[in-house]
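K.L.:
output the structure for:
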Amino acid sequence: MRVTWIFDLDNTLHDTGRKLFPVINKKMNRYIQNLLKINEYQADKIRQDYWMSYGSTLKGLIRNYDVNPNNFLNKTHDIKNYSDLIFPAYNLVRILSNLDGRKILFTNAPKIYALNIINHCNIGRFFQDFHFIENSNFNGKPSKESMKKFLSKYRIEQAYFVDDEKENLKVAKYCGIKTIWINKSKKKPIYIDKKISSLKELQKLRSL
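P.N.:
Purely as a prediction, here's the structure:
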């Protein structure tokens, strides 16, 4: 049976912490400020609380304030110059080209944003399918419902899921997928099959 590699995007295939996420976080804070008529400190706290509680700020805003997801994503992911903000994982093209099996991108990011990242990283040709937040009906990872629909849609049976967020991997493990966590922590939860500190370590894996 042909193995499937499922990849997260942000902080898995490229580094968002250096420049990109600070820009997006400010845009999210501004959106929340305007929506709720609060100050930046309060907006920043809500953004982070929703991310911790729901897996994404968007999901929290939808559930609590019935925001329009397309409006939110358009305003918060309106990036003018991607080339100055994107830092692909080291040797990303080589790593993906040397990895046997079907590859699918499973991201909570919106389509236009994700495709811009993919194009700037020059990795689109390595993926057979892309699954954006719109494909999850804005109910992205770590939702069990979303994960089950994703696995069914692409008829995934034997797969490795690579993500930087352990909560997403916990759900994947529950659904029978082998999990690879990108993280520098020394701790490894029981639902993580393999922990790696960087993407380049995928090339050294023989079995999980």
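K.L.:
ranges for the helices of the protein?
P.N.:
Ranges of helices in the chain, per DSSP state H, are 20-36, 40-54, 57-65, 69-76, 92-97, 111-121, 144-153, 166-174.
K.L.:
can you tell me what sits against the fifth one?
P.N.:
Going back to what we said before, that points to helix 92-97. Outside helix 92-97, the residues that touch it by Cβ atoms under 8 Å, 6 or more residues apart in numbering are 13-14, 89, 103, 121-123, 126, 199-200, 202-203. Just so you know, the C-beta spots here come from the backbone N, C-alpha and C atoms, and that holds for glycine as well.
K.L.:
any idea how the protein splits into domains?
P.N.:
Following automatic domain parsing, the chain resolves into domains at 4-15+87-204, 20-76.
K.L.:
which single one of the contacts of helix 92-97 is nearest to Ile156?
P.N.:
Lys103 (11.6 Å; Cβ to Cβ).
K.L.:
so where's the protein uncertain?
P.N.:
1, 206-208 (pLDDT under 70).
K.L.:
let's see 80
P.N.:
Applying pLDDT under 80 to the chain flags the ranges 1-2, 203-208.
K.L.:
ok, the residue lying farthest from the centre of the chain to Ile86 distance?
P.N.:
For the chain, the residue at maximal distance from the C-alpha centroid (Cα atoms, centre = their mean) is Lys37, at 29.3 Å. According to Cβ to Cβ, to the nearest Å, Lys37 and Ile86 sit 34 Å apart.
K.L.:
do Asp100 as well
P.N.:
Between Asp100 and Ile86 the computed distance is 26 Å (Cβ to Cβ).
K.L.:
with neighbour numbers in mind, choose between the two.
P.N.:
Ranked by neighbour count (other Cβ atoms under 10 Å), Asp100 and Ile86 place Ile86 first, with 19 against 8.
K.L.:
pull the contacting residues for Pro69.
P.N.:
Pro69 is in contact with 58, 62, 133, 138, counting by Cβ under 8 Å, 6+ apart.
K.L.:
for Lys75, see how far away it is.
P.N.:
11 Å.
K.L.:
filter the contacts of helix 92-97 down to just the ones in strands.
P.N.:
When the contacts of helix 92-97 are checked against strands (DSSP state E), the matches are Lys103.
K.L.:
TSV for the contacts of helix 92-97, including neighbour count?
P.N.:
Shown next, in TSV, are these (neighbours: other Cβ atoms under 10 Å):
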residue	neighbour count
Leu13	23
His14	21
Ala89	20
Lys103	19
Cys121	20
Asn122	12
Ile123	22
Phe126	18
Leu199	23
Lys200	14
Leu202	20
Gln203	11
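K.L.:
between the contacts of helix 92-97, which is nearest Tyr113?
P.N.:
Among the contacts of helix 92-97, His14 lies closest to Tyr113 (Cβ to Cβ), at 11.8 Å.
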